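S.K.: what follows is a predicted protein model with its sequence.
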Number of protein chains: 2
Amino acid sequence: MLTHAAEDYLKSIYKLQEEGGKVSTGILAAYLNVKPASATGMIKKLKTMNLVSHERYRGVTLTDAGKAIALEIIRHHRLLELYLVKALGVPWDGVHDEAEKLEHVISEDMEARMDEFLGYPTADPHGAPIPDKNGVVAQTEHIPMTALQNGQSCLVAEVNDADPALLRHLGSLNLYPGTAFRVKEVAPFDGPFTIDIAGKQVVIGREAAKHIFVDNVQDTETE
Amino acid sequence: MLTHAAEDYLKSIYKLQEEGGKVSTGILAAYLNVKPASATGMIKKLKTMNLVSHERYRGVTLTDAGKAIALEIIRHHRLLELYLVKALGVPWDGVHDEAEKLEHVISEDMEARMDEFLGYPTADPHGAPIPDKNGVVAQTEHIPMTALQNGQSCLVAEVNDADPALLRHLGSLNLYPGTAFRVKEVAPFDGPFTIDIAGKQVVIGREAAKHIFVDNVQDTETE
DNA sequence: AAATTAATTTAGGCATACCTAAATTATACA
DNA sequence: TGTATAATTTAGGTATGCCTAAATTAATTT
C-alpha cells in the first residue's frame, strides 16, 4: 500500500496535468506546499514504483497505474464531500478539509456503500465530477465565469472548493452548482460582475468570479 | 497534535488499565504487536508530554490529560462503529477495522454530528460503553458468560469485537447485545454451553463463551 | 545469598518524508 | 556565444516510529 503522502502527490500531479499540461517539479512542489527538493525525492520513489514517468528537468507524467490511483483518491474525496453534506449536514465549506483526511483511510467497501447511499452521483457539492468506480470521469464543459459577456445567462457548474471563506460567501449568495444567473453588467478594466440571481441583483468581485465556472451559456436580450 | 501511534498507545494503556491493573512495558508492547524496546521509546515521549506517569520497571499509568485523550479516541472508535452499522449498513464484524483507521482522523464536528444522528447513544454495536463528550463512561456490570449456571437466564451485554470470525458466528446465532437467552446445560469439565435463544436451542463453545458478557442474570426453573 | 531467568532499557540502525544549502543543468538574453 | 538567471537535483540533516542486539535491573529459585 501507498503512503498518504504518495497518494497526495499522485492526486496533485493528476490535477495539475488536467488544468495545466506539463507538470514541473517546482509547480508540483508549490501546489503541495513543499520544497522542490522534497518533490524530487518523492518523484524518484514514485518512478521506481512505475506510477510516474519522469525525465530530469522535463516534468512528470502519470503512468496508467498512477492515474488509476489518482482517480481512486479523487473519487474518495468527492464521494466523501457529498456524503458529508447529504448524510451529516456538514456545510459545504467544511467538507474539503474533512475529506482530505478521510480519503486516504476509507475502505473500498465504505466507498461502495456511500456511493449506493448517494444514488451513484456524478458530481460533488462544488460541481466537480466524481470518477466512477472504474475511474471513468464524465466529461463536462465548464466555462470560466470571467469569460461571460453582458446579457449572457448560464448555470453555475462548479466552484473552487479550496477556500472556505469564499465558499461561505458564495453560499450566502446561493451560488451553488445548478443555480441559474444572468450577467447584468461587467464593469470595465477587469471590474466586478453584476448579476441577476433568483430575482435579486448581486455584485461578484473579479477574484470570486475566477473561482466560478458555468455552463449552458445563452445570449439573452439586454434590457 | 498527537501522532496516530501516540494515540494508539494511550488508548491501549487505558484499556489494559481497565481490565488488568498494572500496565507493564511488555504487556503494552504485546498488546500493540510491537517490541518492548519500541514501547519504552514511546512511553518516554508520552512522559515528556505529561500524558503518562512512569517509573522504570514499575509500569505506566495515564495522567488525567492522557486519560482524557484515550477516552476521546475510544469515543471516536465506538461512535464510528455504531455509525457505520446504523447509517451505512456495514456488518458488525467489519466495523472494528474501519473505525480503527477513522478514529484518528475525524474532527470534533463530525463526532458531534454522528452523535446527534445516532441519538446520543451509550453503547457501540458490541455493547461497549461510549464515553460521553466530557469523557464520562457509564458504569455497567457485565458478567462473563462462563460464570453462568444451569437454568440462569440473562441478556447479552457485550461481546469482544476483536475477532471478525467470532462475530460472524455470534451474529448467525443472533447473539447481539440486548438479546435474551437461558442456559439449558453447562457441560462438565469446562465443556460447551447449551442455551435457549429465541425459541431455538444452540450450543456455544467454551472459547466463544469467554468473549461474551451478560447482565440481568436471573435464576429460572430448570425443567 | 548466589545464580538463573525474565523483564526492561540502552544503543545503534532503517525507512519515511520533510527541510536547507550547495551544486548542477537548462534557458534566456545581450 | 558567453553569461546571468531560473529550475532542478544532490547532499546532508531533522523527527517519527519501528527494529535487533546487547546491557542492565528485577524477580525467582535453590
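M.R.: It's in.
S.K.: top helix in chain A by residue count?
M.R.: helix A:64-88 (DSSP state H).
S.K.: list the buried residues for it?
M.R.: A:66-67, A:69-85, A:87-88 (16 or more other Cβ atoms under 10 Å in any protein chain shown). All C-beta atoms are positioned from the backbone trio N, CA, C, and that covers glycine.
S.K.: what's the answer for stretch A:198-205, then?
M.R.: Buried residues in stretch A:198-205 (16+ other Cβ under 10 Å): A:V202, A:I204.
S.K.: dump that stretch to PDB, keeping only the CA atoms.
M.R.: Taking C-alpha atoms only, stretch A:198-205 is exported to PDB below (Å, rounded to 0.1, in the frame of the first residue of the first chain):
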ATOM      1  CA  ALA A 198     -33.200  34.400  -8.200                       C
ATOM      2  CA  GLY A 199     -34.700  37.800  -8.800                       C
ATOM      3  CA  LYS A 200     -32.100  39.600  -6.800                       C
ATOM      4  CA  GLN A 201     -29.200  41.700  -8.100                       C
ATOM      5  CA  VAL A 202     -25.800  40.800  -6.700                       C
ATOM      6  CA  VAL A 203     -22.200  42.100  -7.300                       C
ATOM      7  CA  ILE A 204     -19.500  39.400  -7.600                       C
ATOM      8  CA  GLY A 205     -15.900  40.600  -7.400                       C
END
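S.K.: now do that stretch: everything it contacts.
M.R.: A:M145, A:L173, A:N174, A:L175, A:T179, A:K184, A:P192, A:F193, A:T194, A:I195, A:D196, A:I212 (Cβ atoms under 8 Å, 6 or more residues apart in numbering or on different chains).
S.K.: got it, and stretch A:81-88?
M.R.: Counting by Cβ under 8 Å, 6+ apart, A:90-92, A:94-96, A:98-99, A:114, A:117-118, A:121, A:123-126, A:130, A:161, B:87, B:110, B:113-114, B:117 sit against stretch A:81-88.
S.K.: of the contacts of stretch A:198-205, buried ones?
M.R.: Among the contacts of stretch A:198-205, the ones that count as buried by 16+ other Cβ under 10 Å are A:M145, A:L173, A:L175, A:K184, A:P192, A:F193, A:I195, A:I212.
S.K.: just to be sure, the fourth one is in a helix?
M.R.: This means A:K184. No - counting by DSSP: H, G, I helix; E, B strand; the rest coil, A:K184 is not found in a helix; it is strand.
S.K.: can you verify my assumption that A:R168 contacts A:G94?
M.R.: No - assessed by Cβ atoms under 8 Å, A:R168 is found out of contact with A:G94, at 9.5 Å.
S.K.: OK, now which residue of chain A is nearest to DNA strand C?
M.R.: Taking Cβ to the nearest atom of the strand as the measure, chain A has A:T3 as its residue closest to DNA strand C, at 2.4 Å.
S.K.: that older thread, separate out the buried members of the contacts of stretch A:81-88.
M.R.: Buried, going by 16+ other Cβ under 10 Å: A:90, A:92, A:94-96, A:98-99, A:114, A:117, A:121, A:123-126, A:130, A:161, B:87, B:110, B:113-114, B:117, out of the contacts of stretch A:81-88.
S.K.: in helices, which of those residues fall?
M.R.: A:V95, A:H96, A:E98, A:A99, A:M114, A:F117, B:A87, B:M110, B:R113, B:M114, B:F117.
S.K.: in three-state terms, label A:N216 for me.
M.R.: strand.
S.K.: hmm, I was thinking of A:Q201
M.R.: strand.
S.K.: what sits against the closest residue in space to A:L2 that isn't next to it in sequence?
M.R.: Excluding its sequence neighbours, the residue lying closest to A:L2 (Cβ to Cβ, 6 or more residues apart in numbering or on different chains) is A:I69, at 6.8 Å. Going by Cβ under 8 Å, 6+ apart, A:I69 touches A:L2, A:E7, A:L10, A:L51.
S.K.: in a helix, the first one, correct?
M.R.: When you say that, I think you mean A:L2. No - read with three-state DSSP, A:L2 is coil and lies in no helix.
S.K.: from chain B, how far out is A:P164?
M.R.: Per Cβ to the nearest Cβ, to the nearest Å, A:P164 is found 13 Å from chain B.
S.K.: is it true that that residue touches A:H96?
M.R.: Yes - under the criterion of Cβ under 8 Å, A:P164 makes contact with A:H96 at 7.3 Å.
S.K.: returning to that earlier point: give me the pLDDT value at the residue nearest to A:L2.
M.R.: pLDDT recorded at A:I69 is 95.
S.K.: ok, it to DNA strand D distance?
M.R.: Separation of A:I69 from DNA strand D (Cβ to the nearest atom of the strand, to the nearest Å): 21 Å.
S.K.: wait, what's in contact with the most centrally placed residue in chain A?
M.R.: Central residue of chain A (Cα atoms, centre = their mean): A:A128, 5.1 Å from the mean position. Counting by Cβ under 8 Å, 6+ apart, A:A128 touches A:R78, A:E158, A:D161.
S.K.: do the same with A:Q218
M.R.: A:Q152, A:S153, A:C154.
S.K.: between those, which sits nearest chain B?
M.R.: Chain B has its nearest neighbour among the contacts of A:Q218 in A:C154, at 33.5 Å by Cβ to the nearest Cβ.
S.K.: same question for stretch A:22-41, mean pLDDT?
M.R.: 91.
S.K.: so it, near DNA strand D or not?
M.R.: Yes - on the criterion Cβ under 7 Å from any atom of the strand, stretch A:22-41 is in touch with DNA strand D at A:S24, A:T25, A:G26, A:I27, A:P36, A:A37, A:A39, A:T40, A:G41.
S.K.: filter these to the buried ones?
M.R.: The neighbour-count criterion (16+ other Cβ under 10 Å) marks A:S24, A:T25, A:I27, A:A39 among those as buried.
S.K.: need the residues of chain A near DNA strand D, please.
M.R.: Looking at DNA strand D, the residues of chain A close enough under Cβ under 7 Å from any atom of the strand are A:24-27, A:36-37, A:39-41, A:43-44, A:54, A:56-57, A:59.
S.K.: try 10 Å
M.R.: A:22-30, A:35-41, A:43-44, A:47, A:54-60 (Cβ under 10 Å from any atom of the strand).
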